[in-house]
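Student: Below are the sequence and a predicted model; questions follow.
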Amino acid sequence: MGPVVSQIEREFAGKLDVRRYVLDKLPAGSPAHALAFGLAEQVKLDRTPTYLIADPQGRVRTTFAGGTSYLSLRGAVQEALTAPLTAPTPLP
């Protein structure tokens, strides 16, 4: 999925904030570790990879657990970027 995410990141440059956390490679006790594991707990992450698509206000719009297609991921990103301001659960 890395190449697909990188392609989406290039296509939406300047409009999209991509954050990648490789949970088993983050140093224990680091700020990134605390943030990533806190987020994983909040969204009840139970498998990797998991992709959270959030709108510009930081509200999760779509979650993909496991792999997904380029078209599904791109469609979810486009929808999130054009979403109205009313939405579910903001990210921390």
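Tutor: The structure has been received and is ready for your questions.
Student: okay, CA-based contacts and neighbour counts for the rest of this
Tutor: OK.
Student: hey, where'd the strands end up in this structure?
Tutor: Along the chain, the segments classed as strands by DSSP state E run 50-54, 60-65.
Student: Reformat those strands into TSV and put distance to Y21 and mean pLDDT next to each item.
Tutor: TSV is the format used below for these (distance: least, CA to CA, whole Å; pLDDT from 0 to 100):
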stretch	distance to Y21	mean pLDDT
strand 50-54	10	83
strand 60-65	14	84
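Student: ranking those strands by burial, who's on top?
Tutor: Among the strands of the chain, strand 50-54 has the highest mean neighbour count (mean count of other CA atoms under 10 Å), at a mean of 20.
Student: any idea how far that strand is from the chain center?
Tutor: Per CA atoms, centre = their mean, to the nearest Å, the displacement of strand 50-54 from the mean C-alpha position of its chain is 3 Å.
Student: Identify the neighbouring strands of it in the sheet and state each direction.
Tutor: Paired strands of strand 50-54, with direction, are strand 60-65 (antiparallel) (DSSP bridges).
Student: partner residues bridging the residue nearest to the spatial centre of the chain?
Tutor: Taking CA atoms, centre = their mean, the centroid of the chain lies closest to L52, which sits 3.1 Å from it. As for beta bridges, L52 partners with T63 under DSSP bridges.
Student: Can you give me the end-to-end span of stretch 2-19?
Tutor: Using CA to CA, to the nearest Å, the end-to-end distance of stretch 2-19 comes out at 12 Å.
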